[in-house]
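In: got a structure for you, letters missing:
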C-alpha cells in the first residue's frame, strides 16, 4: 500500500509553495541543522588528516594535511583484516537471510497447509525475544560446539530473522497466484517457481532486506564483542574499540580508525542512497 | 492455486492416485522448504529462550554444574541498590531520549517534506549518522566531550567565556552526554520514517481542509497528527526499545570505567554484560535478561493495545 502512495506523491504541489520568505528561512534552518548533523563526521575526517602537533588546532581544514595517520593505522594490517572479517560476516549473513527469509515468507504466503498459522505465529513471536536474553545460552552453546572465536560463531545467530520473513511474506502475498499456476502448468518444480518466477517479482523488498541485514551486521557490536576473543577474528567495530583503547589519548589515531570504519558505509550509502532510503521507508512501514 | 483449493470436496474420490500424489508432492515441497528454518528457530531461538529462563533459577559460574536455587537470583537483584541504579539509568535514557528524539525528528521531517531545493542532499545530511558504526561515532563524541584544549565543545565554551564542563567525568552530565550521542545516531531513521508517513497521507485531505479555510496549525492538529498516529506509535516503540537496549555508545564512551562514573551511565544491558562476561555469574545475569525481556514485552504489548482499533 505504501509503495504506491509514496510514488504517487512525487508530483504533488507544495502547500507552502507561495510563501517565499518563509521557504528561504525554512530551507536555511534545515540546511544548518543538516550541517550540524554531519559535524562529527567532518571533525573526524579533519582530525584524521592532522599530525599529533595539530590536534589542538580545531580548524576544520587542516593547515598541513597529511595521510601519515592512515599509513600508520593501516601499516600493521589489522584494520584490513577486520575489514575483511566484517565483509565476510555481513555478506554471508545477508545471503542467508535473502535466501531463507524469502523462502519461508513465500511458503507461508503461497501455500495452504496444516500448521501454517502456527509456524507463522511461532516465527513472529521471536520478534519479542531480545538478543540480550539469548546471548548467554548462545555463548554456552558456542562453548560446547567449539564455535567461540570462529566466523560461524559470529554469524550463526543471525542466519534467519523473523523481521525478514515477515517482510517477505507481506510482499509475496501481492504476487498473483495465476503467475505461479502458469509456471506449474509449464512443468516447473516448486523450487524453480519460487526462485525463477516469484523472486524476481519482489526485488524491491529483497534489496530492502539485503540493505538492512548488511548494515545491521556490519555495525553489530554486542554479540561479536562476546563471541570473539582473538584480534584476528574481530569485526571492524570490535577491532576499532580495541584499537581506540590501546591508543588511549592519541586522538588523531583514534579518529583515523573511526574514519576507516566509517568510510565503507559512506561509500555504500553514496552509491545506493536512493535504494537505502526507499528500503528504510519500506521496511519501517511494513514492519 | 493452492493446496486447499486443489481438492475442493473429496479429491481422492474424484481423481484417484494422481491427484493424491500431487497433494503429497506439494506437501513434501512445503516441509522441505521449512525443514531447515524450523530447525533453526527451534535451536537458535526457542531453546535458548527457555534456557535463559531455566538458568535464571540457578547459581552458576560457568565451571561447576549449575545449582538450582529457586528465585534467589531475583530476590538478590531486587534487594541490590546497584540494580535499581541501573534500572533508573535505563529508564532515564528511555524517558528523556524518546520524546526529545521524536519531537526533533517530526519537526525536521515536517519541514524537510516541503523543501524541494536540494531535497535529497539535505535529507542525506540528516540520514548519514544513522548508517555510521555506533562504536566509531561514540569515540568521536567522546573526543568532543574531552576537557579543553582537546575537546571541541569545551574549547568552544572557553572561547566564549563560559565555564568548562566535565561531560563524561561528572555523574550529572555523563548520562545526558551519552544520550545526545544516541539521539544523534537514531534521528535520521526516525526522520525518514516520519517522511514516509507524511507522504502516505492523501493530498485531498489537505485540499479539502484548505477549501474549508482551516489554517496551517489546524491542519497539523486535526489532519496530519491524527493520520500519522500509526507511524508515531511505531516510532515511539522502536525508539523506546532502542533506548532500553542502549549499549554500544555507553560501552565505548566509558571504557576506562564501564558505565561510570560511579555507575551513573550504566544501562541494563551493560550490567548484564558485566555480570555474565566479567563476573561469570551466569544465573544472576540470566535473571537480569529476564527482567529486560519483561520490560520489552510490556512495551510491545502497550503498542498492540494502543493500536487495537486499527486491525
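Out: Structure received. This is a predicted model, so every value here is computed, not measured. Numbers count the residues shown, from 1 in each chain, chains lettered A, B, ... in the order given.
In: what about chain B, any weak spots by pLDDT?
Out: Regions of chain B meeting the criterion pLDDT under 70 cover residues B:1-20, B:309-311.
In: Please enumerate the strands of it.
Out: According to DSSP state E, chain B carries its strands in the segments B:58-59, B:67-68.
In: I'd like to know which elements the last one is packed against.
Out: Contacts of strand B:67-68 with other secondary structure elements, assessed using 3 or more Cβ pairs under 8 Å, 6 or more residues apart in numbering or on different chains; DSSP states H and E, are made with strand B:58-59. For glycine as for every other residue, the C-beta is placed from the backbone atoms N, C-alpha and C.
In: Would you convert the strands of chain B into a markdown table that also reports distance to residue A:159 and mean neighbour count?
Out: Shown next, in a markdown table, are the strands of chain B (distance: least, Cβ to Cβ, whole Å; neighbours: other Cβ atoms under 10 Å in any protein chain shown):
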| stretch | distance to residue A:159 | mean neighbour count |
| --- | --- | --- |
| strand B:58-59 | 29 | 18 |
| strand B:67-68 | 33 | 11 |
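In: List the contacts of residue 104.
Out: The chain I'm using is chain A. A:123, A:160, A:165, A:168, A:169, B:33, B:34, B:37 (Cβ atoms under 8 Å, 6 or more residues apart in numbering or on different chains).
In: Please refer instead to chain B.
Out: Applying Cβ under 8 Å, 6+ apart to residue B:104 gives the contacts B:183, B:187.
In: try 7 Å this time
Out: residue B:187 (Cβ atoms under 7 Å, 6 or more residues apart in numbering or on different chains).
In: Backbone dihedrals for the spatially closest residue to residue A:249 that is not a sequence neighbour, please?
Out: Nearest residue to residue A:249 in three dimensions, chain neighbours excluded: residue B:150, at 7.7 Å (Cβ to Cβ, 6 or more residues apart in numbering or on different chains). Dihedral pair for residue B:150: phi -70, psi -50, per degrees, to the nearest 10.
In: Let me know the distance separating residue B:150 from residue B:242.
Out: Applying Cβ to Cβ, to the nearest Å, the value for residue B:150 to residue B:242 is 30 Å.
In: Any idea how many residues pack against residue A:138?
Out: If you count neighbours by other Cβ atoms under 10 Å in any protein chain shown, residue A:138 ends up with 22.
In: Would you agree it falls within a helix?
Out: Yes - assessed with DSSP: H, G, I helix; E, B strand; the rest coil, residue A:138 lies in a helix.
In: what's near enough to touch it?
Out: Residue A:138 is in contact with A:157, B:48, counting by Cβ under 7 Å, 6+ apart.
In: let's go with 10 Å and repeat that
Out: By Cβ atoms under 10 Å, 6 or more residues apart in numbering or on different chains, the contact list for residue A:138 reads A:131, A:147, A:153, A:156, A:157, A:223, A:226, A:227, B:44, B:48, B:51, B:52.
In: same check, this time on residue B:259
Out: B:82, B:85-86, B:89, B:174, B:250-251, B:265-267, B:270-271, B:273-274.
In: excluding its backbone neighbours, what's nearest it?
Out: Residue B:259's closest residue in space is residue B:266 (Cβ to Cβ, 6+ apart), at 2.8 Å.
In: Which residues are in contact with the one you found?
Out: Here residue B:266 is in contact with B:82, B:85-86, B:89-90, B:175, B:250-251, B:254, B:257-260, B:273-274 (criterion: Cβ under 10 Å, 6+ apart).
In: And for residue B:236?
Out: By Cβ under 10 Å, 6+ apart, residue B:236 lies in contact with B:98, B:99, B:102, B:190, B:299, B:302, B:303, B:306.
In: Mind giving me the PyMOL select for those, buried ones only?
Out: In PyMOL, a selection of the buried entries from those looks like this (16 or more other Cβ atoms under 10 Å in any protein chain shown):
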select buried, chain B and resi 98+102+190+299+303
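In: From the contacts of residue A:138, list just the buried residues.
Out: A:147, A:153, A:156, A:157, A:223, A:226, A:227, B:44, B:48, B:51, B:52.
In: Could you give the number of residues near residue 128?
Out: Because you didn't say which chain, this covers chain A. For residue A:128, the count of nearby residues is 15 (other Cβ under 10 Å).
In: that's the wrong chain, I wanted chain B
Out: Counted with other Cβ under 10 Å, residues neighbouring residue B:128 total 21.
In: Equivalent analysis for residue B:76, please.
Out: Close neighbours of residue B:76, defined as other Cβ under 10 Å, add up to 16.
In: What sits closest to it if chain neighbours are left out?
Out: Nearest non-adjacent residue to residue B:76, counting by Cβ to Cβ, 6+ apart: residue B:284, 6.8 Å away.
In: burial of that neighbour, as a residue count?
Out: Neighbour tally, residue B:284, other Cβ under 10 Å: 26.
In: Kindly report the same for residue B:159.
Out: If you count neighbours by other Cβ under 10 Å, residue B:159 ends up with 10.
In: Would you verify that residue A:249 is located in a strand?
Out: No - looking at residue A:249 with three-state DSSP, it is coil, so not inside a strand.
In: Surely it and residue B:142 touch.
Out: No - using Cβ atoms under 10 Å, residue A:249 is not in contact with residue B:142; the gap is 11.0 Å.
In: Show me which of the two is the more surrounded one.
Out: The neighbour comparison of residue A:249 against residue B:142 (other Cβ under 10 Å) goes to residue B:142, with 23 against 10.
In: returning to what we had before: who has more neighbours, residue B:150 and residue B:242?
Out: residue B:242 (19 against 16).
In: any idea how far chain A is from the more buried one?
Out: Separation of residue B:242 from chain A (Cβ to the nearest Cβ, to the nearest Å): 11 Å.
In: go on, residue B:207?
Out: Counting by Cβ to the nearest Cβ, the gap from residue B:207 to chain A is 9 Å.
In: again with residue B:28
Out: 9 Å.
In: could you list every residue that touches that residue?
Out: Counting by Cβ under 10 Å, 6+ apart, residue B:28 makes contact with A:190, B:21.
In: let's see it at 7 Å
Out: Applying Cβ under 7 Å, 6+ apart, no residues contact residue B:28.
In: What of the one 3 residues further on?
Out: For residue B:31, no residue counts as a contact, taking Cβ under 7 Å, 6+ apart as the criterion.
In: Okay, buried residues for stretch A:46-64 please.
Out: Buried-residue list, stretch A:46-64, by 16+ other Cβ under 10 Å: A:46, A:47, A:48, A:49, A:50, A:54, A:55, A:58, A:62.
In: And the contacts of it?
Out: Outside stretch A:46-64, the residues touching it (Cβ under 7 Å, 6+ apart) are A:42, A:65-66, A:68-69, A:250-252, A:255-256, A:259, B:149-150, B:152, B:155.
In: Cross the buried residues of stretch A:46-64 against helices and list the overlap.
Out: Mapping these onto helices (DSSP state H) picks out A:46, A:47, A:48.
In: And the second one, how far from residue A:62?
Out: Here the distance between residue A:47 and residue A:62 works out to 8 Å (Cβ to Cβ).
In: now residue A:249
Out: Relative to residue A:62, residue A:249 is positioned 19 Å away (Cβ to Cβ).
In: can you check residue B:186 too?
Out: Distance, residue B:186 to residue A:62, using Cβ to Cβ: 30 Å.
In: can you check residue B:256 too?
Out: Taking Cβ to Cβ, one finds residue B:256 at 28 Å from residue A:62.
In: do the same with residue A:137
Out: In terms of Cβ to Cβ, residue A:137 sits 49 Å off from residue A:62.
In: which bits of the stretch 101-250 of chain A sit near chain B?
Out: Counting by Cβ under 7 Å from any Cβ of the partner chain, the stretch 101-250 of chain A comes close to chain B at A:103-104, A:107, A:111-113, A:119, A:122-123, A:126, A:128-130, A:132-134, A:136-138, A:156-157, A:159-160, A:177, A:181, A:190, A:215, A:219, A:221-222, A:226, A:236-237, A:240-241, A:244-245.
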